[in-house]
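Novice: Whatever this is, show me its structure:
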Amino acid sequence: MTTTQDTNPPNDMLPYRLITGKDDASFCRRISEALALGYRLYGSPSCTFNGTDVIVAQAVVWPSVVKDRD
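Specialist: You can find the predicted model right below:
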């Protein structure tokens with residue numbers, strides 16, 4: 001049985017999110033929270049260095065609105 005929660009992200013969140021930030025515990029916590037809500041990782045993370053910190057980005061998607069890639 002499919003519920004609204006299964007088909008739509010919670011709290012009016014978008015089905016695609018690109019989470020970015022400094023590579024630290026806070027960033028990892030944000031990714032972990034998205035996964036706990038039901039988002040899935042999409043693609044590989046990306047990293048860059050801004051001269052001071054490593055900056056990372058990770059896309060996450062809501063599974064029912066984005067088809068799995070083969």
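
Novice: what pairs with the longest strand that the chain contains, and is each one parallel or antiparallel?
Specialist: Ordering each strand of the chain by length in residues (DSSP state E) puts strand 40-49 first. Sheet pairing of strand 40-49 (DSSP bridges) gives strand 54-61 (antiparallel).

Novice: on that earlier part again, quick one: buried residues of the longest strand of the chain?
Specialist: Using 16 or more other CB atoms under 10 Å as the test for burial, strand 40-49 gives Tyr42. Glycine gets a C-beta too; all of them are placed from N, C-alpha and C.

Novice: likewise stretch 50-59?
Specialist: Applying 16+ other CB under 10 Å to stretch 50-59 flags 56, 58-59 as buried.

Novice: Turn those into a markdown table, columns for pLDDT and distance to Asn50.
Specialist: Putting those into a markdown table (pLDDT from 0 to 100; distance: CB to CB, whole Å) gives the following:
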| residue | pLDDT | distance to Asn50 |
| --- | --- | --- |
| Val56 | 98 | 11 |
| Gln58 | 98 | 17 |
| Ala59 | 98 | 20 |
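
Novice: Could I get the residues you listed in JSON lines, plus columns for distance to Cys28?
Specialist: As requested, these are exported to JSON lines (distance: CB to CB, whole Å):
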{"residue": "Val56", "distance to Cys28": "9"}
{"residue": "Gln58", "distance to Cys28": "10"}
{"residue": "Ala59", "distance to Cys28": "15"}
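
Novice: between the residues you listed, which is nearest Tyr42?
Specialist: Ala59 (4.2 Å; CB to CB).

Novice: Tell me where the model's unsure across the chain.
Specialist: Low-confidence segments of the chain, defined by pLDDT under 70: 1-6, 67-70.
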